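*Asks:* predicted model follows, preceded by the sequence.
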Amino acid sequence: MVEYHPPAPLISKLSHSDIPVSYLHQLCPKGNDSHSSIAVKQITSAVAEHQPSVIHTHGYKAALLARSAELFTRTFPRLISTYHAGETPTGIVWLYDWLDRYSGRLSDHCFAVSQSIQNKLPIKAELLNNFVSLPELNSNYKEIAFVGRLSHEKGADRFIDIAKHLPDRQFSIYGDGPERETLSQQAPKNVVFHGHQSNMNEVWNNIGVLIISSRYEGLPMAALEAMSRGIVVFTLNVGRMSDLIEDGNNGFIAQDILNLIEKLNHWITMSVYTQSLIRKKAIKTISEQYSSQSVIPILIERYQIES
């Protein structure tokens, strides 16, 4: 709904696949009311003009606006909502999150991307795996990396702590966010900040290990993207990571940062052959359970209009 600058990575992927993209403000002109009122009117106008069969919302803001529009529209398309945020919000965001959860009954079907998120909902929601397309395998498997927003919940500060314990190894951070300046001041010399990336395919090709140091998670796309390429994921036990990772088999899952450092040191001492076996098992996990081929049929079924 919002046109970000630079554009979200999804936009480049859609364009690369020749899938047309339109923003809400391009579909319908703005009025003279408040921002939220404008958005609701834009949605109702867009529905009346373009008559979509399904609207899928992702995030509390999109869900609240779409459900508000539904209340003012006599014939509204099938409304599907995804709950993906694992953190407990504070301040005004807490209120938005509460409204999103308790208004979920207005959606025709709801998905949750983790068991903990599903348990927080006062409505029925189906547990759904995030998914990725299977890429060509051409990784150089070199860097130890963090990929994500530089914010408190993603735990980039913990990644820097790990780098301090391994001064002879190079660590890379891909992403930007509100903690960038603070993190830069805390980081040792073996941490390189690469900033926002517009083409992650090139970035993935150089990563050998992805570290998930988040304080809160659902089922992070970065982990799926990494494993689909044979990049081994080292993660704290957050969100649905224990569903995705079988410790020592297709990746590594740790109970705290010190435990993660121990496992990372153990990985470094492994033979290339043993490492390759774990990489292959990571790819197999994504192919069988978290690929577009395995999940999209479920989505299509839920998108169908129920009689």
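*Replies:* Right, received. Where do you want to start?

*Asks:* so where's this structure shaky on pLDDT?
*Replies:* 1-2, 29-35, 305-307 (pLDDT under 70).

*Asks:* strands along that one, start to end?
*Replies:* Along the chain, counting by DSSP state E, strands occupy 54-58, 78-83, 109-112, 126-127, 143-147, 171-174, 191-195, 207-212, 232-236, 252-254.

*Asks:* now those strands in a markdown table, with mean neighbour count and distance to residue 90?
*Replies:* Any C-beta I mention is one placed from the backbone N, CA and C, and that applies to glycine too. Listed next are the strands of the chain as a markdown table, based on neighbours: other C-beta atoms under 10 Å; distance: least, C-beta to C-beta, whole Å:
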| stretch | mean neighbour count | distance to residue 90 |
| --- | --- | --- |
| strand 54-58 | 19 | 21 |
| strand 78-83 | 22 | 18 |
| strand 109-112 | 22 | 21 |
| strand 126-127 | 12 | 26 |
| strand 143-147 | 25 | 24 |
| strand 171-174 | 22 | 25 |
| strand 191-195 | 15 | 27 |
| strand 207-212 | 24 | 23 |
| strand 232-236 | 23 | 21 |
| strand 252-254 | 22 | 27 |
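
*Asks:* domain map for this structure?
*Replies:* By the assignment in automatic domain parsing, the chain contains the domains 9-128, 143-289.

*Asks:* residues contacting residue 288?
*Replies:* With contacts defined as C-beta atoms under 8 Å, 6 or more residues apart in numbering, the neighbours of residue 288 are residue 294.

*Asks:* check residue 213 too.
*Replies:* Residue 213 neighbours (C-beta under 8 Å, 6+ apart): 146, 154, 155, 156, 158, 159, 162, 235, 236, 257, 260.

*Asks:* residue 157 is in contact with the first one, correct?
*Replies:* So the one you mean is residue 146. No: counting by C-beta atoms under 8 Å, residue 146 does not reach residue 157; the two are 10.3 Å apart.

*Asks:* biggest separation within the contacts of residue 213, which pair?
*Replies:* Farthest pair in these (C-beta to C-beta) is 154 and 260. Separation: 15.0 Å.

*Asks:* among the domains of the chain, which comes closest to residue 134?
*Replies:* domain 143-289 (5.6 Å).

*Asks:* chain center to that closest one: distance?
*Replies:* Distance, stretch centre to chain centre, for domain 143-289: 14 Å (C-alpha atoms, centre = their mean, to the nearest Å).

*Asks:* again with stretch 280-291
*Replies:* Remark: stretch 280-291 is offset 17 Å from the chain centroid, using C-alpha atoms, centre = their mean.

*Asks:* show me which residues of it are buried.
*Replies:* Of the residues in stretch 280-291, 281, 282, 283, 285, 286, 290, 291 count as buried by neighbour count, 16 or more other C-beta atoms under 10 Å.

*Asks:* what does stretch 10-18 give?
*Replies:* Buried-residue list, stretch 10-18, by 16+ other C-beta under 10 Å: residue 11.
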